[in-house]
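> Pasted the sequence and its predicted model underneath.
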Amino acid sequence: MSLHSGQKRTNKQKKEVSVLERQIFDFLGYQWAPILANFIHIIVVILGLFGTIQYRPRYITGYAVWLILWISWNVFVICFYLEAGDLSKETDLILTFNISMHRSWWMENGPGCTVTSVTPAPDWAPEDHRYITVSGCFLEYQYIEVAHSSLQIFLALAGFIYACYVVKCITEEEDSFDFIGGFDSYGYQGPQKTSHLQLQPMYMSK
């Protein structure tokens, strides 16, 4: 069980590093909905790691359930940036809660991107925002975001499989060893006290 727990901890650590990296870029881009989702995911990963170390199947089960929601969220993000159906990546309400007009940090800072300020700015542009054009990107920002979400889905699927396997192993160990009855499940019987004293009749002389 220790080997499987070590593999599980390593998998969780990799996921936490990848989520922290994503959280940093979401903060830079003021993407409030992904920031909130990433924060919850980090907390659940920590709880899942605690459950693995302490052999708490409830924590690991909760972690596995969250991974289903996490996969669903990342599928939505992929559909959002690829503009599947009626979704549009230009919508402010979904990822920024309509608080700001910021876009993904990768929009201006992607590989090879050249940012040019446009002056004068249009009348509808807020005064505290600059109006720019971005050109020359080797990879458009939406595909970078899709790659991030795809990586999270892959890691979440691996984590879900490991979580189910660890819960199965812990459950089997609990079934095979009764912590309350001690060694009863193994047919162990404690040493029985035997008396070496033999009772013999006593004759009283008159």
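Sure, I can see it.
> looking at the protein, which helix or strand is least sure?
Scoring the helices and strands of the chain by mean pLDDT, DSSP states H and E places helix 2-28 at the bottom, with a mean of 67.
> Check the burial of Arg103 by counting its neighbours.
Residues near Arg103, counting by other CB atoms under 10 Å, number 20. For every residue, glycine as well, the C-beta is placed using N, CA and C.
> what bits of the chain have low per-residue confidence?
For the chain, applying pLDDT under 70 flags the ranges 1-16, 92-93, 100-102, 120-131, 177-206.
> Would you mind finding the longest helix in it?
In the chain, ranked by residue count with DSSP state H as the criterion, the top helix is helix 141-176.
> If we go by neighbour counts, what in that helix is buried?
Neighbour-count burial for helix 141-176, with 16 or more other CB atoms under 10 Å as criterion, is recorded at 141-142, 144-146, 148-149, 152-153, 155-156, 159-160, 162-163, 166-167, 169-170.
> tell me the angle the helix or strand Thr52 falls within makes with helix 141-176.
According to DSSP states H and E, Thr52 maps onto helix 32-53. Comparing the axes of helix 32-53 and helix 141-176 via axes from the mean of the first three to the mean of the last three CA atoms, to 10 degrees yields an angle of 20 degrees.
> Identify each buried residue in helix 32-53, please.
In helix 32-53, counting by 16+ other CB under 10 Å, buried: 32-35, 37-38, 41, 44-45, 47-49, 51-52.
> Is Asp26 in contact with His41, as I believe?
No: in terms of CB atoms under 8 Å, Asp26 does not count as a neighbour of His41; the distance is 11.6 Å.
> May I have stretch 41-60 exported as CSV, CA atoms only?
The C-alpha coordinates for stretch 41-60 follow below in CSV (Å, rounded to 0.1, in the frame of the first residue of the first chain):
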residue,chain,number,x,y,z
HIS,A,41,-9.1,22.6,-6.9
ILE,A,42,-5.9,23.3,-5.0
ILE,A,43,-7.8,22.9,-1.7
VAL,A,44,-9.3,19.7,-2.8
VAL,A,45,-6.0,18.3,-4.0
ILE,A,46,-4.5,19.1,-0.5
LEU,A,47,-7.4,17.3,1.2
GLY,A,48,-7.0,14.3,-1.2
LEU,A,49,-3.3,14.2,-0.4
PHE,A,50,-4.1,14.3,3.3
GLY,A,51,-6.6,11.4,2.8
THR,A,52,-4.0,9.4,1.0
ILE,A,53,-1.4,9.8,3.7
GLN,A,54,-3.8,9.2,6.6
TYR,A,55,-5.7,6.4,4.8
ARG,A,56,-9.0,8.2,4.8
PRO,A,57,-11.1,6.8,2.0
ARG,A,58,-13.8,9.5,2.5
TYR,A,59,-11.4,12.3,1.6
ILE,A,60,-10.1,10.4,-1.4
